[in-house]
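S.K.: Got a sequence here, can you build the structure:
(one chain, ligands or ions: 1)
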Amino acid sequence: MPLDKNTKKHQRRDQFEKKTIKAMVEIYCKYHHKKPMCEECNNLLEYAYKRIEKCPLMPDKPTCKNCHIHCYNKKYREQIKTVMRFSGPKMFLYHPILSIIYLKNKYSDRNRIRNNDKKPTNDK
Ligand SMILES: [Zn+2]
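M.R.: Predicted coordinates:
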């Protein structure tokens, strides 16, 4: 097992997910609460970090939209949805590089899903 490689990939993905969610919460808070990060938003972020750390699908975690595990509890799920809906389109403006990586991940999700559909058996 190439454990090292996977661990590295895991860490990279972990870091990326955290950076992305942090950027999104910051944008949201800046517009709505006039702060870089208020207590409420910070709580949400802490919660999101924990979900990322516990995600059983890492390191090949699909983007949240494509994920079948809804790991957020009800309260935070609504909150994070609102944040993502608001900040998602603004990410290109504030964090173009994160956006590009995000799109790349999303694209590879789609390919993976499509490939799984095409050939359910006979995987090499
Ligand atoms: Zn806030």
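S.K.: Could you show which parts of this protein are in contact with the ion?
M.R.: Counting by Cβ under 5 Å from the ion, the residues of the chain lying close to the ion are C29, H33, C38, C41. From N, CA and C alone the C-beta is placed, and that goes for glycine too.
S.K.: nearest to M91, of those?
M.R.: Distance to M91, by Cβ to Cβ, is smallest for C29 among the residues of the chain next to the ion, at 14.5 Å.
S.K.: Report the rounded mean pLDDT for the helix or strand hosting the closest one.
M.R.: Assigned by DSSP states H and E, C29 falls within helix 3-32. Across helix 3-32, the average pLDDT comes to 90.
S.K.: for it, which positions count as buried?
M.R.: For helix 3-32, a neighbour-count test (16 or more other Cβ atoms under 10 Å) marks 13-14, 16-17, 20-30 as buried.
S.K.: what do you get for stretch 83-102?
M.R.: Neighbour-count burial for stretch 83-102, counted by 16+ other Cβ under 10 Å, picks out V83, M84, S87, K90, M91, H95, L98, S99, Y102.
S.K.: so who does the closest residue to the second one other than its chain neighbours touch?
M.R.: Spelled out, that is M84. Nearest residue to M84 in three dimensions, chain neighbours excluded: M24, at 6.1 Å (Cβ to Cβ, 6 or more residues apart in numbering). For M24, the contact set (Cβ atoms under 8 Å, 6 or more residues apart in numbering) comprises V83, M84, S87, G88, M91.
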